[in-house]
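1. What follows is a predicted protein model with its sequence.
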Amino acid sequence: MKILNILLFKLFILSACNANSIDAFKSNNINNAPESLTKQILSVGEKCVTLYQSKQVSILEQHCSEKSIRQGIYIADTLGTRSFNWYDAPFNNWAWNEGCNSEKDCYYKITTNSKGEVTNLEYYFFINLSEGYFKIKIKDNKLIISEKKIVDHPS
């Protein structure tokens, strides 16, 4: 049993070491997006989406429903493009309607495994007088909030 515990601990340490942390910032350049997301953006219109990009991963927040394309979050990584429902629909809609204070005030920190698959997201924001973050895990093809913090600053 002791040997099994040691092996499991080593496996845990190795998997943590193979994680990769990436920042993805808002981008207006759809030419660098994967083809699947570019087609989607062109189909629904740039006014309906927010695109966040890094060299390895793209995240698309889709705010308009169009034919077979539904609202939600689309992640393009080494697995291809996966779609998810909003992690917090009232917040996601509020953030979309209000907009970030500047281009760099809203971004994703992305964690990938050794295969380049996104496993966790952290969304950081500063909108109007509110700032905070959401820590999100991807489990069973769903976005699950593991932690959130929102601070409203008085004017």
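-> Structure received. Everything numeric here is computed off the predicted structure, so don't read it as measured data.
2. Distance of E103 relative to Y74?
-> With the distance defined as Cβ to Cβ, to the nearest Å, E103 ends up 20 Å from Y74. For every residue, glycine as well, the C-beta is placed using N, CA and C.
3. Looking at the two, which is more packed in?
-> Y74 (22 against 11; other Cβ atoms under 10 Å).
4. For the nearest residue to the more buried one once chain neighbours are set aside, pull up the helix or strand it's in.
-> With sequence-adjacent residues excluded and distances taken as Cβ to Cβ, 6 or more residues apart in numbering, Y74 is closest to L60, at 4.2 Å. Element membership for L60, per DSSP states H and E: strand 58-62.
5. Just the CA atoms of that strand, as CSV, please.
-> C-alpha atoms of strand 58-62 as CSV (Å, rounded to 0.1, in the frame of the first residue of the first chain):
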residue,chain,number,x,y,z
SER,A,58,-8.3,30.5,-28.8
ILE,A,59,-11.5,31.2,-26.8
LEU,A,60,-14.6,32.7,-28.5
GLU,A,61,-17.5,34.1,-26.5
GLN,A,62,-20.5,33.8,-28.7
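6. Who does the helix or strand following it pair with, and is each partner parallel or antiparallel?
-> Using DSSP H and E, the helix or strand that follows strand 58-62 towards the C-terminus is strand 72-77. Next to strand 72-77 in the sheet, as set by DSSP bridges, lie strand 58-62 (antiparallel), strand 80-84 (antiparallel).
7. Give me the neighbour count for E98.
-> For E98, using other Cβ under 10 Å, the count is 12.
8. pretty sure it contacts N128?
-> Yes: using Cβ atoms under 8 Å, E98 is in contact with N128, at 5.8 Å.
9. burial count for S58?
-> So S58, with other Cβ under 10 Å, has 24 neighbours.
10. dump the residue contacts of the closest residue to it other than its chain neighbours.
-> Excluding the flanking residues, the one nearest S58 by Cβ to Cβ, 6+ apart is A76, at 4.4 Å. Contacts for A76 (Cβ atoms under 8 Å, 6 or more residues apart in numbering) come out as 33-34, 36-37, 57-60, 82.
11. List only buried entries from these.
-> Using 16 or more other Cβ atoms under 10 Å as the burial test, the contacts of A76 include 33-34, 37, 57-60 as buried.
12. now the chain, which segments are flagged as low pLDDT?
-> 1-19, 66-68 (pLDDT under 70).
13. Helices of that one, start to end?
-> With DSSP state H as the criterion, the chain has helices at 2-17, 35-44, 89-98.
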